[in-house]
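J.: Sequence plus the predicted model coming up.
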Amino acid sequence: MSAADCPDSQSLRMARAYLGQTVELIIDRPCGSLHPTYGFRYEANYGYVPGTLAPDGEELDAYYLGDSVPRHSARGICIAIVHRTGDDDDKLVVVPEGCQLADTDIAAAVAFQEIAGRYRIVRQ
């Protein structure tokens, strides 16, 4: 789905600025770690863009896909956004340079946390 096909939310407007850009991430939930409250296992590196402020009052969140080595930081290209339709808490999808993922690959990689039918994958 293109960015033009999604209704704007504050986090989507913020996230769109990162599409196609190189992004530095802090990974605070490395691949294989457990969520501190809900106990599910992170099947991908998950973190945030430092120095940002998303609508939820925290930094803008991001999945780092295409590399399952547990990390504490990462640098890559933002290829998509997981646009949540039920809340204003969208997530960037960042991959190592040269990595290509289809929407189905992204959906499979984030299924540990995202509920099918409650988000859309937005690209440029």
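T.: The structure has been received and is ready for your questions. Remember, it's a predicted structure, so these values are computed and weren't measured experimentally.
J.: What's the first helix or strand after the longest strand anywhere in the chain?
T.: Criterion DSSP state E: the longest strand present in the chain is strand 73-84. Proceeding N to C from strand 73-84, the next assigned helix or strand is strand 91-95, under DSSP states H and E.
J.: how far is that next one from where the chain is centred?
T.: Computed by Cα atoms, centre = their mean, to the nearest Å, the chain-centroid distance of strand 91-95 equals 4 Å.
J.: Which strands or helices does that strand pack on?
T.: Using 3 or more Cβ pairs under 8 Å, 6 or more residues apart in numbering; DSSP states H and E, the elements in contact with strand 91-95 are strand 22-29, strand 60-64, strand 73-84, helix 103-110. Heads up, the C-betas are built off the backbone N, CA and C, glycines and all.
J.: what sits up against stretch 48-61?
T.: 9-11, 14-15, 18, 23-26, 28, 46-47, 62, 88-92 (Cβ atoms under 8 Å, 6 or more residues apart in numbering).
J.: Now list the buried members of these.
T.: With burial judged by 16 or more other Cβ atoms under 10 Å, the buried subset of the contacts of stretch 48-61 is 9, 11, 14-15, 18, 23, 25, 28, 46-47, 62, 89-92.
J.: Can you say which two of the residues you listed are spatially most distant?
T.: S9 and D28 (23.2 Å; Cβ to Cβ).
J.: pLDDT below threshold where in the chain?
T.: Within the chain, the segments meeting pLDDT under 70 span 1-7.
J.: What helix or strand is the spatially closest residue to D28 that is not a sequence neighbour located in?
T.: Spatial nearest neighbour of D28, excluding adjacent residues (Cβ to Cβ, 6 or more residues apart in numbering): G47 at 5.2 Å. Assessed by DSSP H and E, G47 sits inside strand 45-49.
J.: Now that strand - C-alpha only, CSV.
T.: Presented in CSV, the C-alpha positions along strand 45-49 are these (Å, rounded to 0.1, in the frame of the first residue of the first chain):
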residue,chain,number,x,y,z
ASN,A,45,15.4,-6.7,16.8
TYR,A,46,13.1,-3.9,18.0
GLY,A,47,14.1,-0.4,19.1
TYR,A,48,13.7,3.3,18.4
VAL,A,49,15.1,6.3,16.6
